[in-house]
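**Q** missing the sequence, but the structure's below:
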């Protein structure tokens, strides 16, 4: 009992164990029950799974509200909304990776599932490091805020470009360092095939290349999203749980979004404005002498920016409409 009540990063151990229990249960249900074999996930199933993940994520926020208070509950919901929105931009890159490497839809879920396991670990490391820095050096939070503002401006000016996967230095590096098969080998990431001397050696498949590139892409996106959530709250529990619940649901939502990516042509600009707001509110709070920017304002303004971006995208890309140049 004392172990469960022991403090770990500012919260009792049982709270962390309860969260990890929910995550492990969801992953076991996903891979062990719902998707044991390779199959294509349709839009309807994707939306149902997404609805389930979003409901569980929001319900967890309700529990945080009840257990830790309204302030923490609002911070969790704001972080959840921001992380979900920022992670949606990752969908564009994932779709490009799958398309370039010719990974069929029936195998994409397997790559994304193992990818999310890596994300859980990598985000824990990055958030732990960020929490340690902020707790020891309060001024780091202002560096995060300035970085978010500059990143938002750069993203807004860059438009909707994501580059060409074929020109990726990472992809060229992987092809140089690994023996890579020309074709897929079912669901396998590695296979044994004859080498130059005729002996069986280990070969990577395009599935492995896709997995590595998606993991690296998430690290790059985390450079934006982790400072963004720290600008909302510095509580490691709120930061990590909102991050993971948002990412868990995004994997399911990918299969629906991938089919209608073109309808979200202006989402990147909305996310850029959101980053500028998140970074700017840290300085605004200091300007007015507030301990923190009001959590309810953060949630409301975040929802307004994202809704405006989605509505404007759908309007401009309606039948006969045009996307951004």
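**A** Cool, the structure landed. Keep in mind that what you see is a predicted model, and the values were worked out from it rather than measured. Numbering: from 1, shown residues only.

**Q** quick one, strands of the chain?
**A** Using DSSP state E, the strands of the chain run over 7-8, 11-12, 190-194, 200-204.

**Q** adding mean neighbour count, mean pLDDT and distance to residue 86, write those out as a markdown table.
**A** Where you see a C-beta, it was placed from the backbone N, CA and C, and this is true even at glycine. Listed next are those as a markdown table, based on neighbours: other C-beta atoms under 10 Å; pLDDT from 0 to 100; distance: least, C-beta to C-beta, whole Å:
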| stretch | mean neighbour count | mean pLDDT | distance to residue 86 |
| --- | --- | --- | --- |
| strand 7-8 | 10 | 76 | 27 |
| strand 11-12 | 16 | 86 | 24 |
| strand 190-194 | 13 | 87 | 32 |
| strand 200-204 | 15 | 89 | 30 |
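
**Q** of those strands, which is nearest residue 234?
**A** For the strands of the chain, proximity to residue 234 was assessed by C-beta to C-beta; strand 11-12 is nearest, at 13.1 Å.

**Q** list the contacts of the closest one.
**A** Counting contacts by C-beta atoms under 8 Å, 6 or more residues apart in numbering, the residues outside strand 11-12 that touch it are 4, 5, 6, 236, 237.

**Q** neighbouring strands - and their directions - for that strand?
**A** Using DSSP bridges, strand 11-12 pairs in its sheet with strand 7-8 (antiparallel).

**Q** so how far is the strand it pairs with off the chain centroid?
**A** Put simply, strand 7-8 sits 26 Å off its chain's centre (C-alpha atoms, centre = their mean, to the nearest Å).

**Q** same thing with stretch 52-61?
**A** Remark: stretch 52-61 is offset 16 Å from the chain centroid, using C-alpha atoms, centre = their mean.

**Q** what about burial for the contacts of strand 11-12, which qualify?
**A** For these, a burial check counting by 16 or more other C-beta atoms under 10 Å picks out 236, 237.

**Q** will you turn the contacts of strand 11-12 into CSV that also has pLDDT and distance to residue 129?
**A** Supplementary listing: the contacts of strand 11-12 in CSV, determined by pLDDT from 0 to 100; distance: C-beta to C-beta, whole Å:
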residue, pLDDT, distance to residue 129
4, 70, 26
5, 69, 26
6, 74, 22
236, 90, 11
237, 92, 16
